[in-house]
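In: how would this look folded up:
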Amino acid sequence: QVQFVESGGGLVQPGGSLRLSCAASGSISSIGAMGWYRQAPGKQRELVATISAYGITNYAASVKGRFTISRDNAKNTVYLQMGSLSPEDTAVYFCNRGSSIATILDPRALDAWGQGTLVTVSS
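Out: Next up is the predicted model:
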């Protein structure tokens, strides 16, 4: 089973940007859908963005227009470009996979989570 390692998190000031990476241990070209998720302290894990095998993207309303998800099958990596960050974006960010977009909408239905990468937005 393909495993994922998230990286790129850190401390950033409000209004700043970060790019997160999700590196897979194997090929992602055959993976139907990939998603980024986040979990803020004391809150449930939530879906942030998804990308299908055909590159079709969707975003949570809270990040639409500020975040961009992309995938590089040649590098077996999925990215999350984040901009106009606010303290409300502070969370541990994770990636995961599924056979289709429908299978990754609910993070409670997924397993095999990585360690995630912490994003802290603070002045």
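
In: from Thr77, how far out is the residue nearest to the spatial centre of the chain?
Out: Central residue of the chain (Cα atoms, centre = their mean): Trp36, 2.1 Å from the mean position. Note on Trp36: its distance to Thr77, by Cβ to Cβ, to the nearest Å, is 12 Å. C-betas here are computed from N, CA, C, even on glycine.

In: that older thread, element containing the residue nearest to the centre of the chain?
Out: strand 33-39 (DSSP states H and E).

In: hmm, who's touching that strand?
Out: Outside strand 33-39, the residues within contact range by Cβ atoms under 8 Å, 6 or more residues apart in numbering are 20, 22, 28, 45-53, 67, 69, 71, 78, 80, 89, 91-101, 103-104, 107, 116, 119.

In: next one: stretch 9-16
Out: Residues outside stretch 9-16 that contact it (Cβ under 8 Å, 6+ apart) are 18, 20, 84-87, 92-93, 116-123.

In: check stretch 98-110 too.
Out: In contact with stretch 98-110 (Cβ under 8 Å, 6+ apart) are residues 31-35, 37, 44-47, 50, 52, 56, 58, 96-97.

In: and the pLDDT at Ala112?
Out: pLDDT, the model's per-residue confidence, is 87 for Ala112.

In: what's the answer for Ile28, then?
Out: 85.

In: ok, so of the contacts of stretch 98-110, who is nearest Asp111?
Out: Nearest to Asp111 among these: Asn96, at 8.5 Å, using Cβ to Cβ.

In: my read: that closest one touches Ala112, true?
Out: Yes: at 7.3 Å, Asn96 counts as touching Ala112 under the criterion of Cβ atoms under 8 Å.

In: which one of these two has more residues nearby?
Out: Asn96 (24 against 10; other Cβ atoms under 10 Å).

In: that one belongs to a strand?
Out: Yes: counting by DSSP: H, G, I helix; E, B strand; the rest coil, Asn96 is part of a strand.

In: about what we covered before: buried subset of the contacts of stretch 98-110 as a ChimeraX selection?
Out: A single ChimeraX command selects the buried members of the contacts of stretch 98-110 (16 or more other Cβ atoms under 10 Å):
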select :31,33,34,35,37,45,47,50,52,96,97
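
In: and the two most separated of the contacts of stretch 98-110?
Out: Gln44 and Ile56 (25.5 Å).
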